[in-house]
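Undergrad: Build me a structure from this.
(one chain, ligands or ions: 1)
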Amino acid sequence: MSIVYIVSAPSGSGKSTLVAELLKMVRNLDFSISYTTRPPRRTEHNRKEYFFVSRKEFEAMVVADEFLEYADVFGNYYGTARRFLREAEERGNDLLLDIDVQGASQIMQRIPDPVSIFILPPDWQTLESRLRNRGLDSEAVIRRRLDTARREIENYSKYDYILVNNLLEQSADQLKDIVLAERLQRSGAKPSGEEARRLATAQACRLEQARDRVQPILASFHLQMAKGT
Ligand code: 5GP
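TA: Residues are numbered from 1 along each chain as shown. Have a look, this model is predicted:
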């Protein structure tokens, strides 16, 4: 059975770049291209980053029960088509979903044992300057994204793993270690030396181990730790 990996992060935390790096490094991992009603950005292409569809088309897919999950994010619909999971299973591949916290909660209820990873920015100030520097959004949109980021980050404790995106290359390696460690654990195979190192890196990213790293980040967003973490 395919392993479903869910990656969520507030916008500006570098998630898209990390996911792109991961897909270059790991074999037999399919990316689920979502459907969205938001218009494409200048650099995006239909069927590559997303399937760009009208609200009418999206709603028809909802009625036909074609989505594994869908959500309204920033006023647009986004959804994961069921067929991506089917196709990954047919190919014997695992599947990676880049979805928001609402979609992640739906998947956690609908699929047995998904692996969920939450990516955190190093702190509020870094997120704010990343959003400004990428020059994609107006001031009002930046404010809204920061507010949303705060609300999304509150959900970090629902995820299995927490990855703090300080340095791209290091974070991409950690993400790869998590993906491969989960495969290894589920296969039941005895780990080699390199694999044991990978398991240890993944273990250090587990929610239960992340307390000391998460606490100052939450504080910079004026948030408190969730109970029991
Ligand atoms: P963006 O418009 O910046 O590409 O994405 C906005 C948010 O929508 C991101 O948090 C992204 O993870 C989320 N998203 C993308 N595809 C899906 C999807 O299929 N389902 C859900 N629930 N969220 C998605």
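Undergrad: contacts, neighbours, all on C-alpha from now
TA: Noted.
Undergrad: Quick check: Pro121 touching Asn165?
TA: Yes: contact criterion CA atoms under 8 Å: Pro121 and Asn165 qualify, at 5.4 Å.
Undergrad: tell me, what's touching these two both at once?
TA: Counting by CA atoms under 8 Å, 6 or more residues apart in numbering, the residues touching both Pro121 and Asn165 are 13-14.
Undergrad: Neighbour count: those two, which is higher?
TA: Each of Pro121 and Asn165 has its neighbours counted (other CA atoms under 10 Å); Pro121 has more, 24 against 20.
Undergrad: Next, work out how far apart the more buried one and Leu168 are.
TA: Pro121 sits 11 Å away from Leu168, going by CA to CA, to the nearest Å.
Undergrad: Common neighbours of the two, please.
TA: Gly14.
Undergrad: Tell me where the model's unsure across the protein.
TA: The chain contains residues with pLDDT under 70 at 229.
Undergrad: Next to the ligand, which bits of the chain? Give me the list.
TA: By CA under 6 Å from any ligand atom, the residues of the chain that approach the ligand are 8, 10-11, 34, 70-71, 73, 78-80, 98-100, 102-103.
Undergrad: let's see it at 8 Å
TA: Along the chain, the residues adjacent to the ligand under the rule CA under 8 Å from any ligand atom are 7-11, 32-36, 38, 49-50, 69-74, 77-81, 97-104.
Undergrad: All the strands of this protein, in order from the start?
TA: Assigned by DSSP state E, the strands in the chain fall at 4-8, 29-31, 34-36, 50-52, 67-73, 76-81, 94-98, 115-120, 161-164.
Undergrad: Adding distance to Arg186 and mean neighbour count, write the ones you listed out as CSV.
TA: Shown next, in CSV, are the strands of the chain (distance: least, CA to CA, whole Å; neighbours: other CA atoms under 10 Å):
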stretch, distance to Arg186, mean neighbour count
strand 4-8, 12, 24
strand 29-31, 15, 20
strand 34-36, 27, 23
strand 50-52, 30, 20
strand 67-73, 23, 19
strand 76-81, 24, 21
strand 94-98, 12, 22
strand 115-120, 11, 24
strand 161-164, 16, 24
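Undergrad: Which residues are in contact with the spatially most central residue of the chain?
TA: Nearest to the mean C-alpha position of the chain, by CA atoms, centre = their mean, lies Val7 at 1.7 Å. For Val7, the contact set (CA under 8 Å, 6+ apart) comprises 96-99, 116-119.
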